[in-house]
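Enquirer: no letters, just coordinates:
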């Protein structure tokens, strides 16, 4: 397991472990203890992996479990939108290890998933970390089905090796460390007044559901329609029969064209 030359040159560090409880928790602990950020924690296996809302994340060996501890490059009220930067970085990485012919079979699903042929291949967990003095901390966590996938998931799942037969967790991490370092450097150098808008626009071009088939659970009900983009606060814009609706939080599923016909 190694960092890309770009990531190493920009001061990123790597803590590779055989097993841990949660790589996100490890990064958060490091930040609270005064770590200066740009620290990757990568584990071959997690014993307490978790996703959004504290949900358990299946973490068998053969997949990638990686978290990056950072000092937030933007005000904390804007930081949740960096989940879209994390998603784009992961999309860059899987495309880097997959044949060019399958690049279009990956898509980003709101708010924090990566799909391959419509099945969930990865989840991203973004967490803020309070620190004493200085900039607040931020952890970007990535769990990617590289060689294995859950057998009892309540939604369609996928694994990277089925689209990229030569993919390994080591190759994927090398590409991910490079992509995230490059995108974060560009974000920090960009004009603060426009960089989030550009990030949202780019994320939308790769979003699943732009042609319809999006269904979002909101409270006890569902809203159905087409993903139209993200608003200025990073909220989902869903085009429904009633018009454009703004959604703060929810769980989205995407149906195929065959499912809708």
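Expert: All right, it came through fine. None of the values given here were measured: they were computed from a predicted structure. Residues are numbered from 1 along each chain as shown.
Enquirer: quick check on residue 145: phi, psi?
Expert: phi -80, psi 100 (degrees, to the nearest 10).
Enquirer: leaving out sequence neighbours, find the closest residue to it.
Expert: Closest residue to residue 145 apart from its sequence neighbours, by C-beta to C-beta, 6 or more residues apart in numbering: residue 159 at 4.3 Å. Quick note: C-beta positions are derived from backbone N, CA and C, even for glycine.
Enquirer: can you check residue 156 too?
Expert: Nearest residue to residue 156, sequence neighbours excluded (C-beta to C-beta, 6+ apart): residue 119, at 4.1 Å.
Enquirer: where does the prediction get shaky in this protein?
Expert: Counting by pLDDT under 70, the chain shows low-confidence ranges at 49-58, 256-261.
Enquirer: let me see the domain layout of it.
Expert: The chain breaks down by automatic domain parsing into domains covering 5-204, 209-260.
Enquirer: so which of those is the most surrounded?
Expert: domain 5-204 (a mean of 18; mean count of other C-beta atoms under 10 Å).
Enquirer: quick check: longest helix in this structure by residues?
Expert: Longest helix in the chain, counting residues (DSSP state H): helix 169-189.
Enquirer: contact partners of that helix?
Expert: Identification of contacts with helix 169-189 by C-beta atoms under 8 Å, 6 or more residues apart in numbering yields 1-7, 10, 12, 14, 40, 42, 44, 62-64, 66, 68, 70, 73-74, 82, 85-86, 88-90, 92-94, 96-97, 140, 142, 144, 146-147, 160, 195, 199.
Enquirer: from the chain's centroid, how far away is it?
Expert: How far helix 169-189 lies from its chain's middle: 12 Å, per C-alpha atoms, centre = their mean, to the nearest Å.
Enquirer: give me the secondary structure label for the residue nearest to residue 82 when sequence neighbours are not counted.
Expert: Counting by C-beta to C-beta, 6+ apart, residue 82 lies nearest to residue 126, which is 6.5 Å off, once chain neighbours are set aside. At residue 126 the chain is in strand, as set by DSSP: H, G, I helix; E, B strand; the rest coil.
Enquirer: and residue 223, helix, strand or coil?
Expert: strand.
Enquirer: now it. Nearest residue, chain neighbours left out?
Expert: Distances taken as C-beta to C-beta, 6+ apart put residue 216 closest to residue 223, at 5.0 Å, once the chain neighbours are dropped.
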